[in-house]
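In: mind looking at a prediction? Sequence and model below.
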Amino acid sequence: MNEGGSLAKAQFGPGETTEYRPLRSIQSVGGHWRGDVRVSVTNADELGIDPPPVVAGRTRQSSWAREIPTDDTPTESSSVWVELALSRT
């Protein structure tokens, strides 16, 4: 896991995954959050990789009711995270 550092410093190879957690946490109603991950390799030419590797990403995909009552639901601190997986090809 790479906490709070640059993903450029994260080291993982083909067929491996790594998890990244920024040092900052977020406040949300009831601790609910979800995200979308978009990953691209921006320096494939510099690394001599052709074609650029496929890097899949995922993060929390929680769902909740259509409405969240905010009057009686406290905010909670949550750690945001993203998991990256590098393909073998």
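Out: That came through fine.
In: tell me how far the residue nearest the centre of the chain lies from residue 44.
Out: In the chain, the centroid-proximal residue (C-alpha atoms, centre = their mean) is residue 82; its distance is 1.6 Å. Here the criterion is C-beta to C-beta, to the nearest Å. By it, residue 82 lies 20 Å from residue 44. From N, CA and C alone the C-beta is placed, and that goes for glycine too.
In: still on that earlier bit, in this structure the residue nearest to the centre of the chain contacts residue 35, no?
Out: Yes: taking contacts as C-beta atoms under 8 Å, residue 82 lies within contact range of residue 35: 7.4 Å.
In: now do the shared contacts for those two.
Out: residue 59 (C-beta atoms under 8 Å, 6 or more residues apart in numbering).
In: may I have stretch 46-62 exported as CSV, CA atoms only?
Out: What follows is stretch 46-62, C-alpha atoms only, in CSV (Å, rounded to 0.1, in the frame of the first residue of the first chain):
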residue,chain,number,x,y,z
GLU,A,46,9.7,7.4,-21.8
LEU,A,47,9.6,3.9,-20.3
GLY,A,48,9.9,2.3,-23.7
ILE,A,49,6.6,0.5,-23.3
ASP,A,50,4.6,0.0,-26.5
PRO,A,51,1.7,-0.3,-26.4
PRO,A,52,1.0,1.3,-23.0
PRO,A,53,0.0,-1.3,-20.3
VAL,A,54,-3.6,-1.7,-19.3
VAL,A,55,-4.0,-0.5,-15.7
ALA,A,56,-7.4,-1.2,-14.1
GLY,A,57,-8.6,0.8,-11.2
ARG,A,58,-11.4,0.4,-8.6
THR,A,59,-12.5,2.1,-5.5
ARG,A,60,-15.5,2.1,-3.1
GLN,A,61,-18.8,1.5,-4.9
SER,A,62,-21.2,1.8,-2.0
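In: great, nothing more from me.
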